[in-house]
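# dropping the sequence and predicted coords here.
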Amino acid sequence: MKHALLSLALIGVGACSVGPDFKKPQPQLPESWSTIARAETSIGGPVDSQWWQKLGDDQLSSLVERAAKSNLDVRTASSRLEQSRVLRQVTGSQQYPGVSTGGSYQRDRSSQTGLLDASNLNGKAPYEVWTATLDASWEIDLWGHVRRNVEAADADIQLTAAQRDGVLLSIAAETATDYIRLRGVQARLAVARQNLEIAQQSAELTQLRFDNGVTTNLDTANSAAQVATIEATLPVLQAQQDGLINALSYLLGEPPRALTKELHDVKAIPHPAPDVPLGLPSELAQRRPDIQQSEAALHRATAAIGIAEADFYPRVSLGASFGFQALNGSDLGAWNSRQWSYGPSLYLPIFQGGRVTGTLELRKRQEQEAALNYQRVVLGAWHEIDNAMTDYAAEKQHHAALEQAVQHNTDALSTARDRYNHGATDFINVLGVQSALLATQTQLVDSTTEAAIDRVRLYRALGGGWPTP
C-alpha cells in the first residue's frame, strides 16, 4: 500500500494536462498607420498614456482623475476584479491537500430487542461516544482537470482587469467629451449674447430712425423680431449647460448640481496640441482593453476544453484519517482509543448519457466563437481608428474654412451697418448679414468643440492610457 500511494503521488507530480494549450493570437493589423494616416496626424512617437493632459486644461485633467476614483461604474468594475482574484484563490486551493479536524459527542441507548449493542450493555443503559478525528484528502490531478480550472481562473482575472480598464477609458473619454461640450455651449451662449447686444443696438437705431420719419415700421418690426429670435436661444443653451454640469456630476458620483459652482464660470474650449502620436499598430493589442478582454475570453474558452476532456479520464483521490474514539471522555486521548484509515479512491465515468461528450463539443464551439469574436474586435478597432482619423482631419479643414467665413461676415456686417446708417441700403440687408454672422460664429464654436471631441475619440480608438484609480 505504501508503494502504491508513493507511485500515485509521483504520477500526480508528472501528470499531463489534456486539451489544447492556449496560443496567443496574432492580430491582423497593418505594419504602420501610414496607409490610413492623414496629413493632420503624426505617425511618430508613442500614444500619450495620459492623453487628457494634452488637451491643455487643468480643470479637465482634475475632473478625469477624480472620476477615475469616485465613478460608480469604475468602482463596480474594480469590485468584480477583486472577486475574480478571490475566485482564483478558491480554485487554486484544489491543487493542494485538504486537512480538517472535527469532534463529536453523542449520548445514546440501544434497543434490547434490536441489533447488536456496540456498548455491550444490551440496551439496559444509555452510553456515551466521544470522537476526535484529523482527516486529509487530496485529488491527484492526473489529467490536468484542476490545472485547467486554475488556468481558466487566471484568464478570468485578465478578462475582468481588461473590463475594468475599458470602463476607466470610457469614463475618462466621456468626462472629457462632456466637459468639452460644456465649454462649447458656454461659448455659444457668449456668441448669442454678443449678437443680442448688436441686435439691440440695431433695434434702438431703427426705432430712432422711425421716430424721425426716416424709415418705416417694417424695419422696427424686423429688428425687434431679430432681438426676440436671439433671446429665444438663451434658455435652451442655459438648459444644455445645466444638463452637462449634471452629467459631469453623475460621472464623478456626485448629486445633481454639485459641480455648478465649480463649472459655471466660462472657460475656453480646450485646444489640444496639433500633433497626434499614433504609436505602432503592433502595440494596439496591448493598449486597447477590448482586445485584451477578447483575448482573455479566448484563453478561458481554450482552458475549458481541457476541463471537459479531463472528465473522460479516471480521477484518483487519496484520503487518510486519524483520531480517537471512546465511550468515556477521560479515555478519549488514550493511545488504545486511537483509530485510523487511509487509502485511495477511484472515480471513472462509464455511462453519462452523452453529458460528457456533449459538454466537450459545447466547449469546442464556444472556443470557436471566442476566436471569431477576437477577430471581430480587432477588425472593429482598425475601422474605428480609420474613422477617427478621417473625422479629425475633416473637422480641422472645416474649422479653418469657418474661421475665414466668420471674418468675412464680420467685415460684411460692419459695412452693411455703415451703409444703412447713411441710407445707402435697407435694413433687410443688415438683418441678413447679421443672421449669417450669427450662423457662422455658432458653426465655428461647434467646429471647435467637435475638433476637440474628435481628438478624444482618436485617443480612445488608439487605446490611450487611463487614470489609475
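Perfect, thanks for sending it. Computed from a predicted structure; not experimentally measured.

# only C-alpha atoms for contact and neighbour calcs from this point on.
Will do.

# quick one, grab the pLDDT at E128.
Among the per-residue scores, E128 shows a pLDDT of 85.

# what does the one 10 residues further on give?
At W138 the predicted local distance difference test score is 92.

# so what's it up against?
96-98, 317-319 (CA atoms under 8 Å, 6 or more residues apart in numbering).

# which ones among those lie within strands?
Using DSSP state E, the members of the contacts of W138 that fall within strands are 98, 317-319.

# from those residues, which two are the most distant?
Within these, G98 and S317 form the most distant pair, 11.2 Å apart (CA to CA).

# which one's more surrounded, those two?
Per other CA atoms under 10 Å, whichever of G98 and S317 has more neighbours is S317, with 17 against 13.

# setting the sequence-adjacent residues aside, check what's closest to the more buried one.
Distances taken as CA to CA, 6 or more residues apart in numbering put E139 closest to S317, at 4.0 Å, once the chain neighbours are dropped.

# per-residue pLDDT of A190, please?
A190 is given a pLDDT of 91.

# could you pull out the strands in the stretch 1-150 of the chain for me?
98-108, 127-140 (DSSP state E, counting those that start in this stretch).

# most tightly surrounded among those strands?
strand 127-140 (a mean of 18; mean count of other CA atoms under 10 Å).

# could you list the paired strands of it along with their orientation?
strand 98-108 (antiparallel), strand 315-326 (antiparallel) (DSSP bridges).

# what about the first one, distance to the chain center?
Counting by CA atoms, centre = their mean, to the nearest Å, strand 98-108 is centred 49 Å from the centre of its parent chain.

# what do you get for the last one?
Its chain's average C-alpha position is 48 Å from that of strand 315-326, according to CA atoms, centre = their mean.

# one step back: with distance to T448 and mean pLDDT added, can I get the strands paired with strand 127-140 in a markdown table?
Converted to a markdown table, the strands paired with strand 127-140 look like this (distance: least, CA to CA, whole Å; pLDDT from 0 to 100):
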| stretch | distance to T448 | mean pLDDT |
| --- | --- | --- |
| strand 98-108 | 65 | 89 |
| strand 315-326 | 67 | 91 |
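
# of those, which is nearest I269?
strand 98-108 (62.5 Å).

# how about G56, what does it touch?
G56 neighbours (CA under 8 Å, 6+ apart): 270-273.

# ditto for G166
Taking CA under 8 Å, 6+ apart as the test, what G166 contacts is 288-290.

# state whether it is indeed within a helix.
Yes. Counting by DSSP: H, G, I helix; E, B strand; the rest coil, G166 is located in a helix.

# nearest to N149, out of the strands of the stretch 1-150 of the chain?
The closest of these to N149 is strand 127-140. By CA to CA, the value is 13.7 Å.

# roughly how far apart are Q112 and A125?
Distance of Q112 to A125, given as CA to CA, to the nearest Å: 10 Å.

# need the pLDDT of the closest residue to I230 other than its chain neighbours.
Distances taken as CA to CA, 6+ apart place L196 nearest to I230, at 6.0 Å, with adjacent residues excluded. With respect to pLDDT, L196 scores 89.

# again with K54
With respect to pLDDT, K54 has a value of 87.

# and the residue nearest to it when sequence neighbours are not counted, what does it touch?
Spatial nearest neighbour of K54, chain neighbours left out: P272 (5.9 Å); criterion: CA to CA, 6+ apart. Residues in contact with P272 (CA under 8 Å, 6+ apart) are 54-56, 452, 455.

# among these, name the buried ones.
For the contacts of P272, a neighbour count by 16 or more other CA atoms under 10 Å gives the buried set as 54-55, 452, 455.

# one step back: and for G98 and S317, which residues touch both?
137-138.

# now do the helices in the stretch 351-469 of the chain.
Ranges of helices in the stretch 351-469 of the chain, per DSSP state H, counting those that start in this stretch, are 355-421, 427-461.

# worst average pLDDT in these?
helix 427-461 - the lowest mean pLDDT of the helices of the stretch 351-469 of the chain, at a mean of 87.

# which stretches of the stretch 101-250 of the chain have low pLDDT?
For the stretch 101-250 of the chain, applying pLDDT under 70 flags the ranges 115, 118.

# that one: helices as residue ranges?
145-211, 217-251.

# tell me which of these sits most buried.
On a mean-neighbour basis (criterion: mean count of other CA under 10 Å), the most buried of these is helix 145-211, at a mean of 21.

# compute the inter-axis angle for it and helix 427-461.
170 degrees (axes from the mean of the first three to the mean of the last three CA atoms, to 10 degrees).

# report the distance from helix 145-211 to the chain centre.
For helix 145-211, the distance to the chain centre is 17 Å (CA atoms, centre = their mean).

# make residue 1 into 8 and carry on from there
I'll keep to 8 as the first residue from here, and by that count the last item is helix 152-218.

# returning to that earlier point: which of the contacts of G63 has the largest number of neighbours?
Counting neighbours by other CA under 10 Å, the top entry in the contacts of G63 is P277, with 23 neighbours.

# could you pull up the residues touching the spatially most central residue of the chain?
Residue closest to the mean C-alpha point of the chain, counted by CA atoms, centre = their mean, is V174 at 2.0 Å. Contacts for V174 were tallied using CA under 8 Å, 6+ apart; they are 80-81, 84.

# count the neighbours of A311 for me.
For A311, using other CA under 10 Å, the count is 26.

# so for it, what's the pLDDT?
On the pLDDT scale, A311 gets 95.

# I'd like to know how far it sits from D272.
In terms of CA to CA, A311 sits 56 Å off from D272.

# try A254
17 Å.

# contacts only, for A179.
So A179 contacts 59, 71-72, 74-75, 473-474 (CA under 8 Å, 6+ apart).

# hmm, back to that, let me know which of the strands of the stretch 8-157 of the chain is the nearest to F319.
strand 134-147 (15.2 Å).

# from the chain's centre, how far out does the closest one sit?
48 Å.

# my guess is R464 contacts S177. True?
No. Using CA atoms under 8 Å, R464 is not in contact with S177, being 10.2 Å away.

# test my guess that Y399 contacts S454.
No. Y399 is not in contact with S454 according to CA under 8 Å; the separation is 10.6 Å.

# now, which of the contacts of W145 sits nearest A246?
Distances from A246 to those, taken by CA to CA, are shortest for Y103, at 62.3 Å.

# list the contacts of the closest one.
By CA under 8 Å, 6+ apart, the residues touching Y103 are W145.

# separation between it and A310?
20 Å.

# was I right to think S256 contacts P262?
Yes. Using CA under 8 Å, S256 is in contact with P262, at 6.3 Å.

# which one in this protein is furthest away from the centre?
In terms of distance from the mean C-alpha position of the chain, K131 ranks first, at 72.2 Å (CA atoms, centre = their mean).

# no further queries at this time; thank you.
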